[in-house]
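>>> Predicted coordinates and the sequence they were generated for:
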Amino acid sequence: MFNNLRAAILVPEIRQRVFFVFFAFAWFVFMIHVQLPNVNQAAWQRALQAGTFYNLLGFLSGGALQKLSVIAMGITPYINASIIMQLMTVVLPQLEELAKKGGEEGRKKISQYTRWLTIVLATMQASFMAIAMQRGGVFYDTSVWYLLYAIVAMVAGTLFLMWLGEQISDKGIGNGVSLIIFIGIVLRFPTYVTQTVSSTSQGGESWFNIFLYVVIALVVIVSIIFLYQGQRRVPVQQARRVVGRKMFAGRSTYIPLRLNNAGVISIIFAISILLLPQQALSWFGGKTATTAAAYLHLVGPIQFPANPAAWSEFFNVWFSPNGVAYNIVYFFLVVIFTFFYSGIVLNTRDVADNLKKTGAFIPGIRPGQPTVDYLNKILFRITTAAAIYLGLLAVLPGALQRGLSVTTFYLGSTSLLIVVGVALDTITQIEARLAMRDYRGFIKR
């Protein structure tokens with residue numbers, strides 16, 4: 001790996017792309033410090049501590065949310081829009097046909113739809129955040145014009161990050177959006193290290209617990225690498241073909257079924273659903289809690305809390321990150337979404353149809369529906385292993401931190417999966433470009 005990185009720096013074309021990525025990172029860091037004016041920082045810090053949903057957005061923004069800069073929402077609206085469009089491609093036949101048969105123009109059209117949906121989602125999220133900040137006394141200026149200004153500024157910041165991600169994908173190396181999330185997470189690590197060293201030096205935490213925490217984190221990182229690299233290779237036999245007067249012998253190949261098809265999406269879905277009720281209460285206060293309580297009393301016999309204060313206490317007790325119910329529900333949601341998203345990412349019927357069209361087959365399995373059933377059986381097995389692993393990975397880091405009393409270094413499952421996955425993907429793309437350069441050199445000679 002290190003030899004490939006050294007070779008990438010020596011190749012002018014790849015070196016230029018790598019430097020462009022770091023140049024884009026510098027712009028990202030600069031935008032973190034472009035803050036919204038007329039902000040009461042003390043009130044904003046109190047709002048951050050009270051809102052758990054803000055913490056989810058904060059670790060993806062590289063500290064931009066904590067500073068309340070114009071890119072405070074990060075790239076999250078674009079990620080949500082991409083996920084929604086991917087789901088809609090499966091649900092709507094028109095989009096599915098556009099993605100499969102539209103070619104390059106079809107992909108451009110879907111990308112355009114994703115950008116428009118990003119604007120809609122970013123406007124909605126910025127509006128909710130700005131109204132909540134105005135009611136919470138975060139803004140010194142409470143006029144409607146400043147509220148509109150804050151909404152437009154945050155939406156423009158998200159669109160800038162979306163554009164920057166596309167530029168990285170085009171002129172740099174790797175997926176631009178993933179790299180922006182990657183740098184947003186990594187930028188928080190120096191602060192965590194500084195806080196941990198300072199707290200440990202003052203006797204707040206044990207050096208042995210910190211060492212044990214780091215060792216376990218390294219083991220988890222290695223396991224994540226195996227999860228990303230792991231695949232089940234289904235053997236495929238190519239039938240003999242006759243082209244003109246020539247006969248081509250069949251060849252053996254395989255279908256690589258990845259162990260983790262869902263990636264980090266299942267964890268993001270699960271934690272977003274878990275944190276949504278608490279954040280709704282903090283955004284809209286007692287009015288939302290009273291309405292929800294009245295509705296639940298009407299639709300079912302279960303006696304839910306009937307007043308806002310009781311609702312807040314109910315969620316804080318049963319659905320706090322340290323609660324048992326929270327972690328049990330979190331685990332099962334991750335497992336469910338892993339199965340759901342894996343089924344969307346890999347369509348076994350399409351794979352079977354493509355094999356049949358090319359005259360290929362799985363040895364011992366007939367083409368058509370038997371091939372679909374065989375692939376579904378394999379996919380169910382590997383997805384079960386991946387889902388249980390992801391569920392444990394989502395729950396155990398928090399339990400590990402509480403058990404070792406490490407409170408200054410946050411190493412969540414989502415951040416670990418993103419950092420390791422993006423790093424592996426970027427290294428793979430560098431190796432692919434180096435291989436292309438070697439082939440070109442061979443052709444020239």
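Done, it's in.
>>> The residue nearest to Ile183 when sequence neighbours are not counted and Leu179, how far apart?
Distances taken as CB to CB, 6 or more residues apart in numbering put Phe25 closest to Ile183, at 5.1 Å, once the chain neighbours are dropped. Placement of C-beta: from N, CA and C, glycine included. Noted for Phe25: a distance of 8 Å to Leu179, by CB to CB, to the nearest Å.
>>> Those two - which one has more neighbours?
When Phe25 and Leu179 are compared for neighbours, Leu179 comes out ahead with 24 against 21, by other CB atoms under 10 Å.
>>> which residues sit against the helix or strand containing that one?
Assessed by DSSP states H and E, Leu179 sits inside helix 176-186. Contacts of helix 176-186 from elsewhere in the structure, counted by CB atoms under 8 Å, 6 or more residues apart in numbering, are 21, 24-25, 28, 59-62, 64, 74-75, 78-79, 82, 161-162, 164-170, 172, 415, 418-419, 421-423, 425-426.
>>> just stretch 359-375 next, same as before
So stretch 359-375 is contacted by 234-239, 241, 253, 255, 257, 348-349, 351-352, 355-356 (CB under 8 Å, 6+ apart).
>>> nearest to Pro37, of these?
Leu257 (52.2 Å; CB to CB).
>>> Mind checking what secondary structure the closest one has?
strand (DSSP: H, G, I helix; E, B strand; the rest coil).
>>> Skipping adjacent residues, who's closest to it in space?
Arg232 (4.4 Å).
>>> What is the neighbour count of that neighbour?
Other residues close to Arg232 by other CB under 10 Å number 15.
>>> Go ahead and confirm it touches Asn261.
No - when contacts are counted by CB atoms under 8 Å, Arg232 is not listed as touching Asn261 (11.0 Å).
>>> List the residues that contact Lys67.
32-33, 35.
>>> Most neighbours among those, which one?
Busiest of those [other CB under 10 Å] is Ile32, holding 22 neighbours.
>>> Tell me how far that one lies from Lys67.
Distance from Ile32 to Lys67, by CB to CB: 6 Å.
>>> can you check Phe331 too?
34 Å.
>>> what does Asn327 give?
To Lys67, Asn327 is 31 Å away according to CB to CB.
>>> next one: Gln229
In terms of CB to CB, Gln229 sits 37 Å off from Lys67.
>>> Please apply the same query to Leu187.
In terms of CB to CB, Leu187 sits 12 Å off from Lys67.
>>> which residues are common contacts for the two?
Common contacts of Leu187 and Lys67 (CB under 8 Å, 6+ apart): Ile32.
>>> Quick one: list the elements packing against the helix or strand containing Trp145.
Using DSSP H and E, Trp145 maps to helix 144-171. Where contact means 3 or more CB pairs under 8 Å, 6 or more residues apart in numbering; DSSP states H and E, helix 144-171 is packed against helix 12-32, helix 76-91, helix 103-135, helix 176-186.
>>> Can you say which of those helices is nearest to Ala42?
Nearest to Ala42, of the helices and strands packed on helix 144-171 and by CB to CB, is helix 103-135 at 13.1 Å.
>>> sorry, back to before: please save the CA atoms from the helix holding Leu179 in CSV.
In CSV, the C-alpha atoms belonging to helix 176-186 read as follows (Å, rounded to 0.1, in the frame of the first residue of the first chain):
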residue,chain,number,x,y,z
GLY,A,176,-16.1,13.6,-3.7
VAL,A,177,-19.0,13.5,-1.3
SER,A,178,-17.6,10.6,0.6
LEU,A,179,-14.2,12.4,1.0
ILE,A,180,-16.0,15.5,2.3
ILE,A,181,-17.7,13.4,5.0
PHE,A,182,-14.3,11.8,5.6
ILE,A,183,-12.5,15.0,6.2
GLY,A,184,-15.4,16.3,8.3
ILE,A,185,-15.0,13.3,10.7
VAL,A,186,-11.2,13.3,10.7
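>>> mean confidence score for that helix?
In this model, helix 176-186 has an average pLDDT of 84.
>>> tilt between it and helix 12-32?
60 degrees (axes from the mean of the first three to the mean of the last three CA atoms, to 10 degrees).
>>> Quick one: name whatever helix or strand follows helix 176-186.
helix 189-201.
>>> And stretch 394-406, what's buried?
Buried residues in stretch 394-406, defined by neighbour count with 16 or more other CB atoms under 10 Å: 394-398, 400-401, 404, 406.
>>> For it, what is the distance to the chain centroid?
Relative to its chain's centre, stretch 394-406 lies at 21 Å (CA atoms, centre = their mean, to the nearest Å).
>>> contact partners of that stretch?
Everything outside stretch 394-406 that qualifies as a contact, by CB under 8 Å, 6+ apart, is 196, 205-206, 209-210, 212-213, 216, 220, 267, 270-271, 321-322, 327, 330-331, 334, 407, 410-414, 416.
>>> Please give the number of neighbouring residues around Ile268.
Neighbour tally, Ile268, other CB under 10 Å: 21.
>>> helix/strand/coil for it?
Going by three-state DSSP: Ile268 is helix.
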